[in-house]
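Q: just coords:
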Ligand SMILES: Nc1nc2c(c(=O)[nH]1)N[C@@H](CN(C=O)c1ccc(C(=O)N[C@@H](CCC(=O)O)C(=O)O)cc1)CN2
């Protein structure tokens, strides 16, 4: 029987934030530059409100300036685009993030395309996606960046490993695959139309689940000893009427099969905000020619 070890993303993220705070302090002391992050929230989605609050708090804790813009749910697309244009032009703002999802009447593709690529700390702009795809320096989406940091920390060299990414979103699946390819993994992107999805997953030394479907990946889809990165954050109802968080992987079934696995909560999730701070620091340095 394999002993399955949990990957503690919460502890890793706390350590990363502490290292970022030291680098921010150094930037302030030696260059007089304080990184600034603007976060824009449209509407009152409860989970988004929590994420935005945590982003602002952790930005300040890292010694950066935080600019929060909370707009009503009925904000016109043109007004959001005008705010993005103001933030693009503001020298105190080094990073801009528009919290997703946006209300249905706003075209998120248009909004993300309006963000200055050098300030696109989410890494969602086509310029950054394209730069990542052709192997140039890019601002990289935070969640997949966090996944690959955890993998490198626990496995060391990823070269030659077979990675299967389940999910093809622009936010997680596609950039995760690009980052794993950059580490010389042999990468498969699988999705809802993949024939024999369990069979594809069973080939993986590294299995990244990013489908947004509670516990879709079953224990018998996992190759014995594989490393499983669970990106899913799904709220499912409990019997008492409250909800609990589960990932895209049936965590209990993975015990005794996976070698390493990220739990939900406490795995990949906390890495998202830590990597946002990392990207804000990177963007600030580049904007100052450092
Ligand atoms: N513009 C963006 N929007 C969204 C992103 C993003 O990267 N950029 N990602 C997600 C939400 N997200 C950050 O925005 C995020 C999700 C989860 C966590 C996290 O720490 N999760 C905890 C559990 C927290 C809980 O109880 O809900 C964990 O997994 O341990 C942080 C940030 C969608 N939108």
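A: Now that the structure is in, tell me what you want to look at. Worth saying up front: this structure is predicted, and the values here are computed from it rather than measured.
Q: and the closest residue to the ligand within the stretch 1-150 of the chain, what does it touch?
A: With CB to the nearest ligand atom as the measure, residue 100 is the residue of the stretch 1-150 of the chain nearest to the ligand, at 3.7 Å. All C-beta spots, glycine's among them, are computed from the backbone N, C-alpha and C. By CB atoms under 8 Å, 6 or more residues apart in numbering, the residues touching residue 100 are 48, 108, 171.
Q: do the same with residue 10
A: By CB under 8 Å, 6+ apart, residue 10 lies in contact with 265, 266, 267, 270.
Q: And residue 158, by the same measure?
A: With CB under 8 Å, 6+ apart, residue 158 has these contacts: 151, 152, 180, 183, 184, 185, 206.
Q: What's the local residue count around the fifth one?
A: By that I understand residue 184. Applying other CB atoms under 10 Å, we find 12 residues neighbouring residue 184.
Q: and this protein, which residues reach the ligand?
A: 47, 51, 97-100, 122, 142-143, 233, 245, 264-266, 269-270, 272-273 (CB under 6 Å from any ligand atom).
Q: ok, of the residues you listed, which come out buried?
A: 51, 97-99, 122, 142-143, 233, 264, 266, 269-270, 272-273 (16 or more other CB atoms under 10 Å).
Q: so which of the residues you listed comes closest to residue 26?
A: Nearest to residue 26 among those, counting by CB to CB, is residue 273 at 21.0 Å.
Q: In the buried ones among the residues of the chain next to the ligand, find the pair that's most separated.
A: Taking CB to CB as the measure, these have their most distant pair in 98 and 266, spaced 26.4 Å apart.
Q: Narrow the residues of the chain next to the ligand to those in helices?
A: 47, 51, 142, 143, 269, 270, 272, 273 (DSSP state H).
Q: how about those, which pair is most distant?
A: Top of the distance list for those (CB to CB): 47 and 142, 16.0 Å.
Q: hey, where'd the strands end up in this protein?
A: 5-6, 36-42, 65-71, 95-98, 162-166, 186-190, 206-209, 227-230, 234-237, 243-246, 260-261 (DSSP state E).
Q: Among these, show me which one is buried the most.
A: The highest mean neighbour count among these, using mean count of other CB atoms under 10 Å, belongs to strand 206-209: a mean of 29.
Q: if we can go back for a sec, let me know the closest of the contacts of residue 158 to residue 282.
A: When the contacts of residue 158 are ranked by distance to residue 282 (CB to CB), residue 152 comes first, at 17.0 Å.
Q: how close does that closest one get to residue 276?
A: 19 Å (CB to CB, to the nearest Å).
Q: again, but for residue 179
A: From residue 179 to residue 276 the distance is 16 Å (CB to CB).
Q: got it, and residue 181?
A: From residue 181 to residue 276 the distance is 23 Å (CB to CB).
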